[in-house]
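>>> give me a model of this one.
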Amino acid sequence: ALVSPSVEQARNVNEHGNFESADCVCVVATVEGQCPADICEPRWIMHSQVLSKGLQQRQVLRPSTTCNNKRFVLPVVYAAAPQQASGSKQQQGPEENGNGTTQLPISRDIAVNVARSMSSMDKAYESSIASTDAWKALQEHVSDIEKTHLKDLMADQTRCEALIKEDLGLYCDFSRQRMTQETIKKLMDLAEAADLKGKIEAMYSGDHINSTEDRAVLHVATRARRDQEISDNGKNAVPEVWEVLDKIKAFSEKVRSGEWKGCTGKPIKSVVAIGIGGSFLGPLFVHTALRTEPNAMAQSRGRQLRFLANVDPIDVARALNGLDPEETLAVVISKTFTTAETMLNARTVRSWLVSQLGEGAVAKHMVAVSTNLKLVKEFGIDPDNAFGFWDWVGGRYSVCSAVGVLPLALQYGFEIMEQFLSGANSMDDHFRSAPLESNLPVLMGLTSVWNISFLGYPARAILPYCQALSKLAPHIQQVSMESNGKGVDIHGNVLPFEAGEIDFGEPGTNGQHSFYQLIHQGRVIPCDFIGIVRSQQSVYLKDEIVSNHDELMCNFFAQADALAYGKSREELRSQNVPDYLIPHRIFTGNRPSTSLLLPELSAYTVGQLLALYEHQVAVQGFVWNINSFDQWGVELGKVLASRVRQMINLSRNKHRFVNNSDGFNYSTTRLLNKYLQGKTQLLYPEPRDVFPAELLEHHPF
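Prediction:
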């Protein structure tokens, strides 16, 4: 019978560890409604979607851990008779008993499994950061913040001053976040409860905080000063880092000066960096940020750097379009030299070079960033032209290693890259030593934790008002989502709260004409606005009242305030807006954002910005107690792709389609056959290398 739940009944069900001896089978469902404060607590419950035909779907979900009248879970207890004896009629769906109650066809086995799962989840909760007094205090604090509006909070000058931080030349304004000084104090208590300071120090000390792979996390060592000491297993890693950097410096100067020549005697003018994921997004971000910076432009004149990441042959065509193979150097970036997409692209470029220049081309036109010298040599690259890095550098954190520094130094010169590394190093020092209350990455990280886990805002928009930062959001998207897109804590316990951030973005003002409609009047999405005081390029027109850059920055300042303040019904009426349009033109405001202002966009500040976001992500992971430095979620798709690869190869060689006995589900079988059907006209009578030569020649991109 459907039981009208009391708070105590709900708690009893949630805490019941074994239903085997129960007189009935109990399941807990959820409904949404006004949150009774006395039962809004972080308990694990069974979420069931009850449709008109009964209990159609069952899955274990995390309960809300906040009581903000927006996101919460109200437990409701459903009870059904125990499973009937063998041979008796089984109930196929819910039936009315005539007294308004409902019988549900739930077996004892399901209920027992649910109960056991709930019991283990309760234990996971009790060992998580969510069980601490600091976390609970922030949960309670949400109701205080819900009573405020940013337009009122922004009127408090003392609060605004407290939420504006400036260091290392960077100006960070948190005053448009839905926070007060009390929020910051409680977040600092949370940082203490999470041992944030200790975890930061453990990272710098070389502790194996990447526990699932038993590795240290030392990307900070890749931009350390020569005189610094950062240890891995008791050995200072910095001398090895600088050994590689010195090798990059010597090689890049040799190439840029013309001393290193291609196999036909021509100097190298074009570089193609072949890599994917962190071997692509980070270097591309830095390259895009520097290509219009005056000093970097001067150093790169007459040279070009391209990236080949996607295994899609279109990417190959675009990367090689218009290049002279005699003047082209390919940098193959793969730690193990086994990454499927990268190695296929590397073999493709090798075939392109050999077809144009002969077998001897590889030694002079291809180098590697890898630790697998055996496979590098087998590929045809001289191991002396391989530049190493270490297993304590994760791919998405590797831009300051040879992964990024080698191709970027070939384009801009090593001196520019030293400035970039120095900027990142300055933020590393700040992150390690600055008090938490004024630590920029810490404050950014804790603000995101507040938005995600307490206010219930799972996404963030990264909005640089600088076209040179157009590749910042895609890079931070990987750094953040691959690092913190986890469902379990570092011990393998399911997280009893929301974690991870959905990151996206676009430079202003382009984004204003794309998705700003949603962030102003649709979903609440916290934003990072990034502005530059002195533009890399200046345009002044004598008849304009402001410069082009001033016009851009006018939007930078205005958008943050528009999100915070909004526009009320009364304001619209005072402007004689017709009544029928008023609902469409109301802006609720109270939408949080952070404003970050850089003095200029140079190699040094690009390094600072990179490290700022890297450390912000680490702070989030440290507080949530997850492993931000592994990425097991990318593995399953790779395994399944390998199986599909074998199937396609078999289909090609045997001239047959996929059938049911091949082990794929019906949908995938049909999809594969649809694909294979459309490719039959591309079969070649004999094996040969095929390049999109005509595409490159007649259809330039």
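>>> make it CA atoms for all contacts and neighbour counts henceforth
Noted.
>>> distance of the residue nearest to the spatial centre of the chain relative to residue 224?
Residue closest to the average C-alpha location in the chain (C-alpha atoms, centre = their mean): residue 481, at 2.4 Å. In this view, residue 481 and residue 224 are 26 Å apart by C-alpha to C-alpha, to the nearest Å.
>>> give me the number of residues near residue 329?
Number of residues near residue 329 (other C-alpha atoms under 10 Å) recorded here: 27.
>>> can you pull the phi/psi pair for residue 532?
For residue 532, the backbone dihedrals are phi -120, psi 130 (criterion: degrees, to the nearest 10).
>>> okay, it: pLDDT?
We have a pLDDT of 98 for residue 532.
>>> you'd agree it is up against residue 597?
Yes: Residue 532 lies in contact with residue 597 (C-alpha atoms under 8 Å); the separation is 5.7 Å.
>>> which residue ranges of the stretch 251-400 of the chain form helices?
Using DSSP state H, counting those that start in this stretch, the helices of the stretch 251-400 of the chain run over 281-290, 294-300, 313-320, 340-357, 361-365, 373-379.
>>> and the first one, how far out from the chain middle?
Meaning helix 281-290. 16 Å (C-alpha atoms, centre = their mean, to the nearest Å).
>>> could you do the fifth one as well?
Here the centre of mass of C-alpha atoms in helix 361-365, compared against the chain's by C-alpha atoms, centre = their mean, lies 36 Å away.
>>> now the last one
In this view, helix 373-379 has its centroid 32 Å away from the chain centroid, taken as C-alpha atoms, centre = their mean.
>>> so what touches it?
337, 368, 370, 382, 383, 386 (C-alpha atoms under 8 Å, 6 or more residues apart in numbering).
>>> pull the most distant pair out of those residues.
Greatest spatial distance in the contacts of helix 373-379: 337 and 382, 13.9 Å, computed using C-alpha to C-alpha.
>>> who has more neighbours, these two?
residue 337 (21 against 17).
>>> about what we covered before: a markdown table for the helices of the stretch 251-400 of the chain, including distance to residue 476?
Below are the helices of the stretch 251-400 of the chain laid out as a markdown table (distance: least, C-alpha to C-alpha, whole Å):
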| stretch | distance to residue 476 |
| --- | --- |
| helix 281-290 | 8 |
| helix 294-300 | 23 |
| helix 313-320 | 22 |
| helix 340-357 | 21 |
| helix 361-365 | 32 |
| helix 373-379 | 30 |
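>>> right, so these: which one is the most enclosed?
Mean neighbours per residue, mean count of other C-alpha atoms under 10 Å, is largest over those for helix 281-290, with a mean of 24.
>>> can you tell me how far residue 175 sits from residue 342?
According to C-alpha to C-alpha, residue 175 and residue 342 sit 44 Å apart.
>>> and for residue 625?
Per C-alpha to C-alpha, residue 625 is found 33 Å from residue 342.
>>> how far out from the middle of the chain is the biggest helix by length in the chain?
If you go by DSSP state H, the chain has its longest helix at helix 603-624. Per C-alpha atoms, centre = their mean, the displacement of helix 603-624 from the mean C-alpha position of its chain is 12 Å.
>>> now the angle from it to helix 281-290?
With axes from the mean of the first three to the mean of the last three C-alpha atoms, to 10 degrees applied, the angle from helix 603-624 to helix 281-290 works out at 140 degrees.
>>> spell out the secondary structure type for residue 202.
With DSSP: H, G, I helix; E, B strand; the rest coil as the basis, the three-state label of residue 202 is helix.
>>> number of nearby residues for it?
If you count neighbours by other C-alpha under 10 Å, residue 202 ends up with 15.
>>> contacts only, for the closest residue to it other than its chain neighbours.
With sequence-adjacent residues excluded and distances taken as C-alpha to C-alpha, 6 or more residues apart in numbering, residue 202 is closest to residue 209, at 7.3 Å. Contact analysis of residue 209 by C-alpha under 8 Å, 6+ apart lists 202, 203, 215, 216, 217, 627.
>>> only whichever of those are buried, select them in PyMOL.
Command for PyMOL, covering only those of these found buried under the criterion 16 or more other C-alpha atoms under 10 Å:
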select buried, resi 203+215+216+217+627
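>>> please report phi then psi for residue 546.
Dihedral pair for residue 546: phi -140, psi 160, per degrees, to the nearest 10.
>>> relative to residue 556, how far out is it?
Distance of residue 546 to residue 556, computed by C-alpha to C-alpha: 14 Å.
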